[in-house]
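Enquirer: sequence-free structure coming up:
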């Protein structure tokens, strides 16, 4: 079975632009979470969605938004990009919400210049 | 939210040596996972271990939930074990994983 997939792999954007990152969970998984990992640190939680509803939001500004589609895939949108948004963005899927093993995709590496 | 602390931050070994990585968490957790991050950034699941002991080949892990810590054991280390090891805990109130800062492991031939 395919694992979690993310697109694109790499992305270069300019300050002030907007970006959309995509994630497809493992088949049968209904929960998707997004994490941001800056160089030298552990991943930081951004959002979690379960059954198309937001179930959690981390300490990120309103420039960050996400949604989950009926097929359980998800998009993360970031508006008005700042240099500090440069990071590896990771998507994780789990079967259900709460106390279930999470599996991560390969990530999207975003560079803001 | 919970706090997760990992030690040591860096570890250098010779091939064949054994090692123990530690993860302390500040409060009760629903879920405790160990990951290995490869040089390309992929987080590879090692263990899902809210409590008890599990083994997978040369790796094993123990979580003592009542004392709020988990240990990852690597035996007979190989150069391919190099990379960053993360532990992450999930709060009882939700599904977000809180990661530690990681242990950078280097195994020299």
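Expert: Received it, and whenever you're ready, just let me know what you need. Keep in mind that this is a model prediction, so the values were computed, not measured.

Enquirer: Let me see the contact set for residue 38.
Expert: This is for chain A. A:44, A:86-88 (Cβ atoms under 8 Å, 6 or more residues apart in numbering or on different chains). Using the backbone N, CA and C atoms, a C-beta is placed for each residue, glycine as well.

Enquirer: think we crossed wires, I meant chain B
Expert: For residue B:38, the contacting residues are B:44, B:83, by Cβ under 8 Å, 6+ apart.

Enquirer: rewinding a little: which of the contacts of residue A:38 are close to chain B?
Expert: Restricting the contacts of residue A:38 to those touching chain B (Cβ under 8 Å from any Cβ of the partner chain) yields A:44, A:88.

Enquirer: Could you export the contacts of residue A:38 as CSV, including neighbour count, distance to residue B:50 and secondary structure?
Expert: As requested, the contacts of residue A:38 are exported to CSV (neighbours: other Cβ atoms under 10 Å in any protein chain shown; distance: Cβ to Cβ, whole Å; DSSP: H, G, I helix; E, B strand; the rest coil):
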residue, neighbour count, distance to residue B:50, secondary structure
A:44, 19, 22, strand
A:86, 17, 34, coil
A:87, 20, 29, strand
A:88, 20, 27, strand
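
Enquirer: Next, the closest residue to chain B within chain A: secondary structure please.
Expert: Nearest residue of chain A to chain B: residue A:42, at 3.3 Å (Cβ to the nearest Cβ). Of the three states, residue A:42 takes coil under DSSP: H, G, I helix; E, B strand; the rest coil.

Enquirer: Surely it touches residue B:102?
Expert: Yes - counting by Cβ atoms under 8 Å, residue A:42 does reach residue B:102; the two are 5.6 Å apart.

Enquirer: joint contacts of these two?
Expert: Common neighbours of residue A:42 and residue B:102 (Cβ under 8 Å, 6+ apart) are residue B:86.

Enquirer: Where in the chain is the helix or strand with the lowest mean pLDDT?
Expert: In the absence of a named chain, chain A is used. None of the helices or strands of chain A scores lower by mean pLDDT, DSSP states H and E than strand A:53-57, at a mean of 93.

Enquirer: Hmm, no, I was thinking of chain B.
Expert: strand B:29-37 (a mean of 91).

Enquirer: So what are the sheet partners of that strand and their directions?
Expert: strand B:43-48 (antiparallel), strand B:83-91 (antiparallel) (DSSP bridges).
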